[in-house]
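Engineer: what follows is a predicted structure for the sequence shown.
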Amino acid sequence: AREAARLMGEDGRPTVFFGHSMGAIVAYEAAVELASRGIDLDHFFASGARAPHLMRPDPGAHWDDESIAATLVELGGTDAELLRNPAFVELVLPYIGADFRMLASYDAPPRTPLGCAVTALVGADDPRVTLQQASAWRESTRGAFDVRTLPGDHFYLAQDPPFDIIEGSAAGR
């Protein structure tokens, strides 16, 4: 009960989820589950991700080390030189590959829209998520919706985290 009270913001602080890329889908699924238990967020931020209803399983996706590395370079978050480091490849690529495979199998069933405000964030130069795909998060809520395009690629937040946007949502509560 104490955990539910904390999540419901009874301590005066807003309850906000922020998820980037695959993390947006994971955070969304957690928000949907909480809502089904009567626990609503104050705000949900989906960053660098297509809206869930646009996701389609891709059972033919082939995520070997080479295709994972190429995608990481395309997204702009990984230096190609780092991908030539065998220790990095051995340590990190299996986890990233698992994430890519999991996302390629995601198929969101129809959901009741969230009741909280939703803000979608997308890098202006994101090669994988368009403004239109980010804007489709509007269908995921009955609450207020906003979409923001920020300078940068898929990993825009590494150089300039959107703290002001997140903090602004708490001030408007």
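Structural biologist: That came through, no problem. The model shown is predicted, which means the values in this text are computed figures rather than measured ones.

Engineer: next one: the closest residue in space to Asp42 that isn't next to it in sequence from Arg111, what distance?
Structural biologist: With CB to CB, 6 or more residues apart in numbering as the criterion, Asp42 has its nearest non-adjacent residue at 3.8 Å, and that residue is Pro14. Every C-beta, even on glycine, is put in place using the N, C-alpha and C of the backbone. According to CB to CB, to the nearest Å, Pro14 and Arg111 sit 22 Å apart.

Engineer: tell me where this protein has helices.
Structural biologist: Secondary structure of the chain by DSSP state H: the helices cover 2-7, 22-36, 65-75, 86-104, 131-135, 156-159, 163-171.

Engineer: residue ranges with poor pLDDT in this protein?
Structural biologist: Across the chain, the ranges flagged by pLDDT under 70 are 1-10, 77, 170-173.

Engineer: so what's the residue nearest the centre of the chain up against?
Structural biologist: Nearest to the mean C-alpha position of the chain, by CA atoms, centre = their mean, lies Ala24 at 2.1 Å. Residues in contact with Ala24 (CB atoms under 8 Å, 6 or more residues apart in numbering) are Phe45, Ala46, Ser47, Gly48, Ala49.

Engineer: just those residues: which are in strands?
Structural biologist: Phe45, Ala46, Ser47 (DSSP state E).

Engineer: in the sheet, who's paired with the second one?
Structural biologist: What that stands for is Ala46. Gly19, Ala120 (DSSP bridges).

Engineer: what about it, how many residues nearby?
Structural biologist: Counted with other CB atoms under 10 Å, residues neighbouring Ala46 total 30.

Engineer: that one is in contact with Ala117, isn't it?
Structural biologist: No. When contacts are counted by CB atoms under 8 Å, Ala46 is not listed as touching Ala117 (11.6 Å).
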